[in-house]
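>>> requesting a structural model of the entry that follows:
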Amino acid sequence: MTTVLDVAKYILSKQGEISTWKLQKLCYYSQAWALAWSDGVSLFNEDFQAWTNGPVCRKLYDLHKGEYLISYDDFNFGNIDNLTEDEKDTIDTVLENYGDKSPFWLREQTHDELPWKDARGKTPENMRSENIISKESMGNYYGSL
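Presented below is the predicted three-dimensional model:
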């Protein structure tokens with residue numbers, strides 16, 4: 001099965017050098033829209049947590065921790081060849097709609113959406129949280145738009 005690392009590698013191949021913050025959000029939206037468009041079938045197994053600055057996949061974060069910008073050549077993980085053409089089409093559609101957005105815009109957008117809000121619950125915005133954003137909530141929310 002495809003992993004978040006494969007998706008990240010593919011995104012970097014299309015976007016060039018981007019912030020790690022933006023990479024996280026583009027992976028999140030790739031997963032969210034895949035869930036919405038495929039009746040709950042996930043693009044990858046890894047989860048996102050409802051961090052202060054929006055959704056973060058811990059597995060991906062652990063590999064880029066401490067970096068601000070990242071490029072395809074810097075990211076020595078994942079394999080684009082693991083992606084199917086349908087998966088690439090999903091990610092390409094996400095990039096067409098979100099790829100030109102700033103990391104701050106993406107952060108604000110996720111903060112306005114129910115999956116992140118629900119996972120955060122009553123956690124104050126400035127407090128750390130590792131609450132999982134459920135794939136079910138992502139599929140339901142984005143599927144309803």
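
>>> can you tell me the element Pro55 falls in?
Using DSSP states H and E, Pro55 maps to strand 54-56.

>>> just checking: what are the partner strands of that strand?
Under the criterion DSSP bridges, strand 54-56 sits next to strand 48-51 (antiparallel) in its sheet.

>>> the strand it pairs with - what's its average pLDDT?
The average of the pLDDT scores along strand 48-51 is 98.

>>> name the residues that touch that strand?
Residues from elsewhere that reach strand 48-51, judged by Cβ atoms under 8 Å, 6 or more residues apart in numbering: 28, 31, 55-58, 116, 119-120, 123, 128-133. For glycine as for every other residue, the C-beta is placed from the backbone atoms N, C-alpha and C.

>>> before we move on, what about stretch 138-145?
By Cβ under 8 Å, 6+ apart, the residues outside stretch 138-145 that reach it are Gln31, Ala32, Trp33, Leu35, Ala36, Trp37, Asp39, Gly40, Glu113, Leu114, Pro115.

>>> just confirm Trp33 contacts Asp92, I think it does.
No: in this structure, Trp33 is not within contact of Asp92 by Cβ atoms under 8 Å, at 10.9 Å.

>>> which one's more surrounded, those two?
Higher neighbour count among Trp33 and Asp92: Trp33, with 22 against 15, using other Cβ atoms under 10 Å.

>>> wait, is the more buried one part of a helix?
Yes: counting by DSSP: H, G, I helix; E, B strand; the rest coil, Trp33 falls inside a helix.
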